[in-house]
Structures are given as C-alpha cells and as structure tokens.
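*Asks:* how would this look folded up:
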Amino acid sequence: MINWKNLLNLFLQSNCPLCQRSTSQELCPNCVRQLQKCHIYDMSNIGQNSLPIFAWGVYGGILKRAIAAMKYENQPQIARCLGQWLGEAWLLHYECDRQLVVVPIPLHASKLKQRGYNQAALIAESFCATTGLQLKQNGLKRVKETEAQFSLSASEREKNLTSAFGLGKDFDHRPNASVLIVDDIYTTGATVKSAIQTLCKSGIAVSGLAVVATAVKDN
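*Replies:* All right, here's what the predicted structure looks like:
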C-alpha cells in the first residue's frame, strides 16, 4: 500500500540552507537543535538599556550563520522559523497586549529591490502569526540610503542613521496603541534609536524592541 504522505514528503525534500542535508522543513532537525542552543533564557537587562529589549538568542555561531544566510544568500524562509521562535518566547514572558502593534525596521527601497525582501518584515510576520499581535508592516519607511553598519564604529553608526526613517503609510493616523519594534539583530542600538526618534516625534509611544539575536550579553 502506498504511503502518500511519505511520497509527498519525498517530492517536497530540499536542502537545508545551513548544512545542505535533505529536509522537508525550512531547516533540518540537526540545525534546529543547534540553533536552539543559542536561545537566551534570562533576557533581563540586556545592555542595561532604558528601552526594554527582548532577544531570543546570542548573535554568534550557527545563529549568526543563519541570519547571514537569510539576508545575503537568498534564504528568506529562515525568517519564518526565527520569527516563530521569537514569538513563542515572547508569549512565555509577556501577556498578549492587544494595544500593542508590531513595526519591523524597514529597508531602503534600493536595498529592498536588490535583496527582494525585508528580513525584519518576514520575521515580524511570523512573530505576529505566533503571538496574535497586530502587524503594521509599513509603520516606518527608510528615507535615507545608509551604509552597511557592520563596518562602522558605534559613533559612525549613529551618524549614519541620523534622520534615516520617516513615518510609513500605516501611520497616516496616529495609532491608539504603543509600538513594539522588531528587527533581526541588536548591536549598538543606533538603528532602533533612530526609529524611536521618528516615532516619538509624531507622538507614537514605543514600548520596546524584539530581536532574534543580540550581540550584547545580559548583565
């Protein structure tokens, strides 16, 4: 007797983007296990920042590799897993506040055209599908084409991102809710600081930041 489910899975097999093993999921079970080891269980006081920062994992090892593959190797499907795990961890720590809206950090139009997708937006979609929070995908827009951040110092990053954002079409009217910003990585905080300044100038409150990975260890 033919097992149609197994036959279908055979046709749906693809290679894991991190190790090239055959898998019917976004990532193979072995890479999932390795990624789960990057998960932070005590997420309090990350960087002793005044803004609450919720991070799923530490930026390094296989998690760093997964984020790089997602962004630079045309592997957007990785965002679904990362956003889901971030959402599941969020629900363990916070009640689902329906007065909270989720806004991803946007890419500039030229970078979006080059990459074909915004990884922060894909993470936010999966995060919202998991948590039930409302997504405002176009809450912010990137109005300034900035240099790549990874090669810049902390002061250069902040200067690079000055006036980088504007309000997007989803906020044509001021929302009766506070914003949770979602991004892939938190490092110096220059990106989120610039985004918060844009939102606050328009009277929109920001309650925190949720990221897949942080390069700042908790204290």
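*Asks:* This protein: strands as residue ranges?
*Replies:* With DSSP state E as the criterion, the chain has strands at 14-15, 22-23, 53-58, 100-104, 134-135, 140-142, 165-167, 178-186, 206-214.
*Asks:* Can you tell me which of those strands is nearest to residue 194?
*Replies:* With CB to CB as the measure, strand 165-167 is the member of these nearest residue 194 (5.8 Å). In short, each C-beta sits where N, CA and C put it, glycine included.
*Asks:* Mind listing what's buried along that closest one?
*Replies:* Within strand 165-167, the residues scored as buried using 16 or more other CB atoms under 10 Å are 165, 167.
*Asks:* Provide the contact partners of it at residue level.
*Replies:* 106, 139-144, 194-195, 197-199, 202 (CB atoms under 8 Å, 6 or more residues apart in numbering).
*Asks:* Turn the strands of the chain into TSV, including distance to residue 30 and mean pLDDT.
*Replies:* Below are these laid out as TSV (distance: least, CB to CB, whole Å; pLDDT from 0 to 100):
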stretch	distance to residue 30	mean pLDDT
strand 14-15	13	86
strand 22-23	9	88
strand 53-58	17	94
strand 100-104	29	96
strand 134-135	31	95
strand 140-142	36	94
strand 165-167	39	92
strand 178-186	23	96
strand 206-214	20	94
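*Asks:* buried ones in the longest helix along the chain?
*Replies:* As assigned by DSSP state H, the longest helix anywhere in the chain is helix 78-93. Going by neighbour count (16+ other CB under 10 Å), the buried part of helix 78-93 is 78, 79, 80, 81, 82, 83, 84, 85, 86, 87, 89, 90.
*Asks:* From these, pick the one nearest residue 63.
*Replies:* residue 82 (8.6 Å).
*Asks:* is it true that that closest one touches residue 56?
*Replies:* Yes - look at residue 82 against residue 56 with CB atoms under 8 Å: they come within range, at 7.3 Å.
*Asks:* intersection of neighbour lists for those two?
*Replies:* residue 212.
*Asks:* re earlier: nearest approach to residue 112 belongs to which of the strands of the chain?
*Replies:* strand 140-142 (8.5 Å).
*Asks:* Name the strands paired with the closest one and say parallel or antiparallel.
*Replies:* Taking DSSP bridges as the criterion, strand 140-142 forms sheet pairs with strand 165-167 (antiparallel).
*Asks:* what ranges of the chain fall below the confidence cut-off?
*Replies:* 1-13, 42-49, 146-162, 216-219 (pLDDT under 70).
*Asks:* what's the residue found closest to residue 66 once you drop the neighbours it is linked to in the chain in contact with, if anything?
*Replies:* Distance criterion CB to CB, 6 or more residues apart in numbering; nearest residue to residue 66, sequence neighbours excluded, is residue 78 at 5.5 Å. For residue 78, the contact set (CB under 8 Å, 6+ apart) comprises 17, 26, 27, 66, 67, 69, 70.
*Asks:* and the second one, what does it touch?
*Replies:* Which is residue 26. Counting by CB under 8 Å, 6+ apart, residue 26 has contacts 17, 77, 78, 80, 81.
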